[in-house]
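Participant: Here's my sequence, what's the structure:
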Amino acid sequence: MADAATAEALIALGGNVGDVPATFDKAIALLCEDPSLTLQKRSANYRTPPWGVEDQPPFVNAAVAVATSLSPEQLLARMMDVEKRLGRDRATERHWGPRTVDLDLLAYDDVTRETPELTLPHPRLFERAFVLVPLADIVAERVIAGRRVREVLADLSTEGIVRLPD
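Facilitator: Below you'll find the predicted structure:
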């Protein structure tokens, strides 16, 4: 953290339509166009089995840590804007179905919040190896809601998750 006004936010990226790694690069660049947001760390990309709706192509997942002076709600709004700019239409897509890009706010410092728009930390963070594998690349020792990322990951199956070449 640069100063007291800067928070560390953890963001998951996912997608399975189009050139997903290129879309991730665009998403990160668009996020960081805002001077109140700075990329700190980026995981490798991982090919992962579909989750929720299984009759679709595999996903690519990654994670980033950013330093930001945006509030959690402002950051979420920025993320939703980036998704929209990259062709995602949440209103018309199938829940857990194919998508160009999905940005999820996993954690924001040690903030806990539960509103209709935002729950922090992300409510399904500890159930999803496809999120925790890339997250462990960048913050394996980070404690979120009293649980260390690498320890939670050790208890989950990572079957079918493959690190992609850089």
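
Participant: Do a quick rundown of the strands in the protein.
Facilitator: 7-15, 37-42, 46-48, 59-68, 102-108, 113-114, 119-120, 143-144, 147-148, 162-163 (DSSP state E).

Participant: so where is this structure shaky, pLDDT-wise?
Facilitator: Within the chain, the stretches falling below the threshold (pLDDT under 70) are 1-4.

Participant: can you list the strands of the chain in JSON lines and add mean neighbour count and distance to Asp89?
Facilitator: (Each C-beta comes from the backbone N, C-alpha and C, glycine too.) Listed next are the strands of the chain as JSON lines, based on neighbours: other Cβ atoms under 10 Å; distance: least, Cβ to Cβ, whole Å:
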{"stretch": "strand 7-15", "mean neighbour count": "23", "distance to Asp89": "14"}
{"stretch": "strand 37-42", "mean neighbour count": "16", "distance to Asp89": "24"}
{"stretch": "strand 46-48", "mean neighbour count": "21", "distance to Asp89": "23"}
{"stretch": "strand 59-68", "mean neighbour count": "24", "distance to Asp89": "18"}
{"stretch": "strand 102-108", "mean neighbour count": "22", "distance to Asp89": "12"}
{"stretch": "strand 113-114", "mean neighbour count": "10", "distance to Asp89": "26"}
{"stretch": "strand 119-120", "mean neighbour count": "18", "distance to Asp89": "22"}
{"stretch": "strand 143-144", "mean neighbour count": "16", "distance to Asp89": "30"}
{"stretch": "strand 147-148", "mean neighbour count": "14", "distance to Asp89": "34"}
{"stretch": "strand 162-163", "mean neighbour count": "12", "distance to Asp89": "29"}
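
Participant: Mind putting these into a markdown table with distance to Leu135?
Facilitator: What follows is the strands of the chain, written out as a markdown table (distance: least, Cβ to Cβ, whole Å):
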| stretch | distance to Leu135 |
| --- | --- |
| strand 7-15 | 7 |
| strand 37-42 | 10 |
| strand 46-48 | 11 |
| strand 59-68 | 5 |
| strand 102-108 | 7 |
| strand 113-114 | 19 |
| strand 119-120 | 15 |
| strand 143-144 | 9 |
| strand 147-148 | 11 |
| strand 162-163 | 13 |
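
Participant: Now do the contacts for Tyr46.
Facilitator: Listed by Cβ atoms under 8 Å, 6 or more residues apart in numbering, the contact partners of Tyr46 are Val60, Asn61, Ala62, Phe130, Val133, Pro134, Ile161, Val162, Arg163, Leu164.

Participant: same thing with Ile144?
Facilitator: By Cβ under 8 Å, 6+ apart, the contact list for Ile144 reads Leu10, Leu106, Ala107, Pro121, Leu125.
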